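Visitor: structural data only, the sequence is not supplied:
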DNA sequence: CTGTAAATTCAGAAAATTCTGAAATTTGAG
DNA sequence: CTCAAATTTCAGAATTTTCTGAATTTACAG
């Protein structure tokens, strides 16, 4: 690996983590190299830095592009393609979540819905469906939360996340202020 | 695989998803079988249902136990061990997040902090550090949010998630109500 | 203690994934 | 069109991961 020590340490760790998340180590390393690069890199730059074969880099980049995680650009008067990652790390995370949702969460929700439609033939299946219903409900809660929160501009999103659970107190306060005598107001999805 | 069709479909899908998340397919299937089971199962029950070797099940259960994802129990007058998953799916997700954080996020944060302490030797390293700083900041934001929100009781957590981005509006309202003439109040971590 | 059922370990087999080099294809300048 | 640089493809090699059966260990009833 032909990188300054600091970069190498990051690239190695990132590759390792990638492989724990179902991403091939080399693909993770390619991403890491692009992420910390000062300028867009061409495939041969990556070959040089990681010391893997050209074809491996080609396949890795193809994979990363299919995830929308890297962009390629033509440089005027140069036939090569140059690759880079977005500067905005929030944009990167949004893409990552979006793609994983599309590939993993959505098919899982379909599967769960389909199995929940079936008439259970045995008590065993009936019980399994009850568990699947719990799982479906939880995944829906989380994906709906994400779908909603994902619409916020980054600055707002940061504000919201920074608050953490403090919003609960803020909402309690708000509820108290707007409490209608004779009618309970609760912090639910029905609220404004 | 010796399971009713509905259960088999779920177990297969779950194993498949597991393998996309860095979990061995069979371990995912073992978990799925336990998750939908009506009663705790012993290792041989799992062997029978999945049609894999006894030793494979033994290793898979060990793995799941190291993740705190299954519990085992002795049945009076029976030498075998019986395994199950918690009934509360929220508890399951909390464990899952906790364990992944411990194994993946925490080491990544350490790595980032360590590399950010180093004096950059080249402009290339200096730029890499800037990127690492962004990544560190984002991961801290997310983990702090989780650390905070994770303390809430499940019911409160559900309320919070159900609200989604609506809290932002609620907070704007609150801010407006408490706006001190002559001083701007913003919805940041400094609040409340 | 003895015998037996259950659980674990682990070396090697089997399977799956990743990687490479050679060949084929694409691209664009001249 | 021609040529050469860049890129992609893909069959098989290399590597890694997963799985199994046999041997070992553990646990406990009698």
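Guide: Everything's here; your move. What you see is a predicted model, and the numbers here were worked out from it, not measured in a lab.

Visitor: model confidence score at the residue positioned nearest the centre of chain A, please.
Guide: Note on chain A: the residue nearest the mean C-alpha position is residue A:97, at 2.1 Å, using C-alpha atoms, centre = their mean. At residue A:97, the pLDDT value in this model is 96.

Visitor: ok, residue A:79 next?
Guide: Confidence for residue A:79, expressed as pLDDT, is 88.

Visitor: now do residue A:147
Guide: What the model reports as pLDDT for residue A:147 is 96.

Visitor: need phi/psi at the nearest residue to it once chain neighbours are set aside.
Guide: Residue nearest to residue A:147 in three dimensions, not counting chain neighbours: residue B:164, with 7.8 Å by C-beta to C-beta, 6 or more residues apart in numbering or on different chains. Where C-beta positions appear, they are placed from N, C-alpha and C, glycine not excepted. In this entry, residue B:164 is assigned phi and psi values of phi 60, psi -130 (degrees, to the nearest 10).

Visitor: leaving out chain neighbours, which residue sits closest to residue A:9?
Guide: In space, and not counting its chain neighbours, residue A:9 is closest to residue B:115: 6.0 Å by C-beta to C-beta, 6+ apart.

Visitor: my guess is that neighbour contacts residue A:8, does it?
Guide: No. Assessed by C-beta atoms under 8 Å, residue B:115 is found out of contact with residue A:8, at 10.3 Å.

Visitor: of those two, which one has the most company?
Guide: The residue with more neighbours, out of residue B:115 and residue A:8, is residue B:115; 21 against 17, by other C-beta atoms under 10 Å in any protein chain shown.

Visitor: which residues touch that one?
Guide: Residue B:115 makes contacts with A:6, A:9-10, B:129, B:132, as judged by C-beta atoms under 8 Å, 6 or more residues apart in numbering or on different chains.

Visitor: now, which of those residues sits nearest DNA strand C?
Guide: residue A:10 (17.4 Å; C-beta to the nearest atom of the strand).

Visitor: quick check, that closest one in a strand?
Guide: No. Going by DSSP: H, G, I helix; E, B strand; the rest coil, the assignment for residue A:10 is helix, not a strand.

Visitor: for it, what are its contacts?
Guide: Neighbours of residue A:10 in contact, by C-beta under 8 Å, 6+ apart: A:32, A:36, B:111, B:115, B:128, B:132.

Visitor: of these, which is the nearest to DNA strand C?
Guide: Once C-beta to the nearest atom of the strand is applied, the member of the contacts of residue A:10 that ends up nearest DNA strand C is residue A:32, at 13.5 Å.

Visitor: low-confidence regions, chain A specifically.
Guide: Within chain A, the segments meeting pLDDT under 70 span A:175, A:179-192.

Visitor: how about the residues of it by DNA strand C?
Guide: Where chain A comes near DNA strand C, counting by C-beta under 7 Å from any atom of the strand, the residues are A:19, A:24-27, A:52-56, A:59-60, A:74, A:79.

Visitor: tell me the domain ranges of chain A?
Guide: Domains of chain A are assigned by automatic domain parsing as A:5-84, A:89-151, A:154-183.

Visitor: deepest of those domains, which one?
Guide: Ranked by mean neighbour count under mean count of other C-beta atoms under 10 Å in any protein chain shown, the domains of chain A are led by domain A:5-84, which reaches a mean of 17.

Visitor: hmm, it touching DNA strand D?
Guide: Yes. Domain A:5-84 reaches DNA strand D (C-beta under 7 Å from any atom of the strand) through A:19, A:42-44, A:54-55, A:58-59, A:61-62, A:79-81.

Visitor: on that earlier part again, so of the residues of chain A next to DNA strand C, which ones are in strands?
Guide: Among the residues of chain A next to DNA strand C, the ones falling in strands (DSSP state E) are residue A:74.

Visitor: just confirm residue A:45 is within a helix.
Guide: Yes. Judged by three-state DSSP, residue A:45 forms part of a helix.

Visitor: list the contacts of it.
Guide: residue A:37.

Visitor: switch to 10 Å and redo it
Guide: Taking C-beta atoms under 10 Å, 6 or more residues apart in numbering or on different chains, we find residue A:45 in contact with A:33-34, A:37, A:39, A:57, A:80, A:82-83.

Visitor: would you list those residues in TSV and tack on secondary structure?
Guide: Converted to TSV, the contacts of residue A:45 look like this (three-state DSSP):
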residue	secondary structure
A:33	helix
A:34	helix
A:37	coil
A:39	coil
A:57	helix
A:80	coil
A:82	strand
A:83	strand
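
Visitor: widest-spaced pair of those residues?
Guide: Across the contacts of residue A:45, no pair lies farther apart than A:39 and A:57, at 17.0 Å, counting by C-beta to C-beta.

Visitor: just give me how far the longest helix seen in chain A sits from the chain centre.
Guide: Using DSSP state H to define each element, chain A has its longest helix at helix A:123-149. On the basis of C-alpha atoms, centre = their mean, to the nearest Å, helix A:123-149 is displaced by 20 Å from the centre of the chain it belongs to.
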